[in-house]
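*Asks:* Below is the structure, and that's it, no one-letter string:
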């Protein structure tokens, strides 16, 4: 469908940096990583809860 090559990705990266700034992108990335980490921990906790309920 969409075939993005290296030049297109570089253009998108430049646009994102211009819109948000380099500092804000780092902050957004760390917040996204923290959210994903919390989501994975919640899934793990749910599995252990289900396993203990089956016993």
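*Replies:* All right, it came through fine. Please read these numbers as outputs of a predicted model, since none were measured by experiment.
*Asks:* My guess is residue 17 contacts residue 23. True?
*Replies:* No: counting by Cβ atoms under 8 Å, residue 17 does not reach residue 23; the two are 10.3 Å apart. For glycine as for every other residue, the C-beta is placed from the backbone atoms N, C-alpha and C.
*Asks:* So which of those two has more stuff around it?
*Replies:* residue 17 (12 against 8; other Cβ atoms under 10 Å).
*Asks:* Residues contacting the helix or strand harbouring that one, please?
*Replies:* When elements are assigned from DSSP states H and E, residue 17 belongs to helix 6-20. For helix 6-20, the external contacting residues (Cβ atoms under 8 Å, 6 or more residues apart in numbering) are 4, 25, 28.
*Asks:* same thing but at 7 Å, please
*Replies:* Under the criterion Cβ atoms under 7 Å, 6 or more residues apart in numbering, residues residue 25 lie in contact with helix 6-20.
*Asks:* Run the angle between the helix or strand following it and helix 6-20 for me.
*Replies:* Elements were assigned by DSSP H and E; along the chain past helix 6-20, the next helix or strand is helix 22-54. With axes from the mean of the first three to the mean of the last three Cα atoms, to 10 degrees as the basis, helix 22-54 and helix 6-20 are set at 100 degrees to each other.
*Asks:* and helix 22-54, what does it pack onto?
*Replies:* On a contact count with 3 or more Cβ pairs under 7 Å, 6 or more residues apart in numbering; DSSP states H and E, helix 22-54 meets no helix or strand.
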